[in-house]
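1. Need coordinates for the following:
(chains A and B)
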Amino acid sequence: MIQVLPFEIGNEIYALELIDIQEVVEAPKLHPFPAAPETVSGAIAFHGRIVPVVNLPLVLGFATCQGSSRVIVLANQYGPLALAIDRLRPLIALEKSFGKDDESATKESLVRSVFASGNNMISLLDVNYVVAAIETACTSRGEQYARTSSGC
Amino acid sequence: MRIEISYKFVIGFIAVVASVVLLNLLVPRLDAPEWTHQLITVIGALLVGLIFGWLFSRAFTANIKILTEGAERLSHGDLSRKVRLQKGLFSDETEDLSNSLNLVVDSLRNLVGQIRGSALNVNESSMALATTAEEMTATAHEVAGSIEQISRGAETQAEMVERVSRVVREMAEQIELVADSSSKLTESAEETTISAREGEGLTNKALESMKLVLSQIEENGAMIVDFSEQVQKIGTIIDVITGIAQKTNLLALNATIEAARAGEYGHGFAVVAEEVSKLADSTSTSAAEITRLIEKTREQSHKVQLSMAQSVTSIDIGREAVDVTGNAFKAIINKAEAAQERSIDIRDLTEKQRHGSQAIVEAIEEIARVAEVNAAATEEVSAATEEQTAAMEEMSFASQRLSRLAEELLTSVRRFNLGSDHERTAP
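-> Residues are numbered from 1 along each chain as shown, chains lettered A, B, ... in the order given. So this is what the prediction gives:
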């Protein structure tokens, strides 16, 4: 039995496993990062730490974020990182056997598996790939910024 | 000395006889033959007779001639001279005849003079009378014309008076109708005054009721405002509860996350967190329901406030209208009372008018009767004037005829020559 936290991005429903989540907090005032990539909306203060907030819809290829009042702070093993989503949905419990679906089930690397809940199709995100995609975006942006700064 | 003619012939005869006697006595004494004595006596008697005859016939013939001439002058109308006989020693009947003739002449002269004077006077008077008659005829014609005009005027007057009488009777009938209408008007004005007073009373009651309703609505409005404020406070509290529920839900979610991270050890905690989350969801649902009800209540109360504001506005308008109506009723009462007083005055005046019109009708009828009598009298006067005019014309013709007769008489009398001196004597 695993528990996932579904949330909406655009018209799609995604979910994260609870063990990958540190905490869900009210969306406080965002502090923008200078020269940050577009996927990083800003940073929040979380229990005395500065946690960057990633615009997950942009990472997933959606146009804009609708701006939810909740921000999902990922577990510590993924570094201090928070995800901005559109809207939270109630917790869902899945059978343990559900586990990881076969590799052919999803072509998309960010999605661990897809399961149905009622009439909805929910995509369970793989946090590692999400974090990697964010780091890639930040790295490319950092290199671009370094080139731009040295050029100046 | 007066000796009548017969006596004169007797005296002449006696003188002849005396001369014969005397001669018979004297002749013998003459120295004449005797045979001559008779002759001489006869001749002497003849001579005496001739002398006396000549004397007598001469005097007599002369007087007769004078008388004849006087009579002839008289027959020719010459009255200018009197018959004057020659003075003889012995007057006789010829003198009486002369005197009588002179008396006749005098009488005729006086008569003719009087006739002439009278004829002149008659002529003048008749001419004056004719002139006067003509003038009077003309005047009578004018009078007749005037009388005719007066007669026509009297007839017209009678007709006009008849028409006036008819009109006045109609007017009197109309005045009667006006009097009846004014009485009804007075009754209507009284009823109007009573109705207006009742209306004023009802208006005052309506105004008081509206004021009461308005005050109640104002109180209700204040209560609704207070209720809205209370509902607003409830909404605020519900917002707080909703926020608490959301935070509780969030806390429950985070507790669930912590329990999940705790693994098997956090199972009980997860159950509690789930129950807490359910309670928070239930609280949120209830709060949302309460919020929805509050929103509905707020909308309803807003509608009620708007409706009450409109009601207050309408009541204000109604109160103003009722005030205006009350003032209008007061004005109506004043007007109705004034109208009532005036209608009473009108009723009294129309009553007087009715009496006056009745008197006018009677007077006009009297005038009509008088006018008819006048018209009839004027016609009689006109007829009398025409008769008078005819009589005046006849009198004018008679006076003219009289004047002609006077002229004829004067012409006839002019044949008599009276002379300038009546005492002129015949030659």
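
2. With adjacent residues omitted, what lies nearest to the residue of chain A found nearest chain B?
-> At 3.6 Å from chain B, A:Leu18 is the closest residue in chain A, using CB to the nearest CB. In this view, the C-beta of every residue, glycine as well, is placed from N, C-alpha and C. Of all residues beyond its chain neighbours, the one nearest A:Leu18 is B:Ala260 (3.6 Å), with distances taken as CB to CB, 6 or more residues apart in numbering or on different chains.

3. In contact with that neighbour, which residues?
-> Residues in contact with B:Ala260 (CB atoms under 8 Å, 6 or more residues apart in numbering or on different chains) are A:3, A:18-19, B:266, B:270.

4. Relative to chain A, how far out is B:Ser396?
-> Here the criterion is CB to the nearest CB, to the nearest Å. By it, B:Ser396 lies 146 Å from chain A.

5. Count the neighbours of that residue for me.
-> Neighbour count for B:Ser396, taken as other CB atoms under 10 Å in any protein chain shown: 21.

6. Work out for me the element whatever residue of chain B ends up closest to chain A sits within.
-> Of all residues in chain B, B:Ala260 sits closest to chain A, with a separation of 3.6 Å (CB to the nearest CB). B:Ala260 is part of helix B:93-262 when elements are defined by DSSP states H and E.

7. Distance from that helix to the middle of the chain?
-> Taking CA atoms, centre = their mean, to the nearest Å, the mean C-alpha location of helix B:93-262 is offset from the chain mean by 25 Å.

8. Excluding chain neighbours, give the residue nearest to residue 28 in space.
-> All of this refers to chain A. The shortest distance from A:Pro28 to any residue that is not its chain neighbour, by CB to CB, 6+ apart, is 5.1 Å, and that residue is A:Ile44.

9. right idea, wrong chain: chain B
-> Across the structure, with CB to CB, 6+ apart as the measure, the residue nearest B:Pro28 apart from its sequence neighbours is B:His37 (6.1 Å).

10. which residues touch the one you found?
-> Contacts were defined as CB under 8 Å, 6+ apart; by that measure B:His37 touches B:24, B:27-28, B:30.

11. Next one: it relative to B:Asp78, how far apart?
-> Using CB to CB, to the nearest Å, B:His37 is found at 56 Å from B:Asp78.

12. likewise B:Ile224?
-> When distance is defined by CB to CB, B:Ile224 is 158 Å away from B:Asp78.

13. Give me the distance from stretch A:39-46 to the chain's centre.
-> Taking CA atoms, centre = their mean, one finds the center of stretch A:39-46 at 12 Å from the center of the full chain.

14. Could you check it and say which residues are buried?
-> Applying a neighbour-count criterion of 16 or more other CB atoms under 10 Å in any protein chain shown, the buried positions in stretch A:39-46 are A:39-44, A:46.

15. Could you do stretch B:387-405 as well?
-> Along stretch B:387-405, these residues count as buried under the neighbour rule (16+ other CB under 10 Å): B:388-389, B:391-393, B:395-396, B:398-400, B:402-403.

16. Those residues in helices, which ones?
-> Within these, residues falling in helices by DSSP state H are B:388-389, B:391-393, B:395-396, B:398-400, B:402-403.

17. Just put those residues in CSV and tack on pLDDT.
-> Shown next, in CSV, are those (pLDDT from 0 to 100):
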residue, pLDDT
B:Gln388, 79
B:Thr389, 79
B:Ala391, 81
B:Met392, 79
B:Glu393, 80
B:Met395, 80
B:Ser396, 78
B:Ala398, 82
B:Ser399, 80
B:Gln400, 79
B:Leu402, 81
B:Ser403, 79
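
18. could you dump those residues to JSON lines with distance to B:Ile234?
-> Converted to JSON lines, those look like this (distance: CB to CB, whole Å):
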{"residue": "B:Gln388", "distance to B:Ile234": "128"}
{"residue": "B:Thr389", "distance to B:Ile234": "127"}
{"residue": "B:Ala391", "distance to B:Ile234": "133"}
{"residue": "B:Met392", "distance to B:Ile234": "132"}
{"residue": "B:Glu393", "distance to B:Ile234": "133"}
{"residue": "B:Met395", "distance to B:Ile234": "137"}
{"residue": "B:Ser396", "distance to B:Ile234": "136"}
{"residue": "B:Ala398", "distance to B:Ile234": "142"}
{"residue": "B:Ser399", "distance to B:Ile234": "141"}
{"residue": "B:Gln400", "distance to B:Ile234": "142"}
{"residue": "B:Leu402", "distance to B:Ile234": "146"}
{"residue": "B:Ser403", "distance to B:Ile234": "146"}
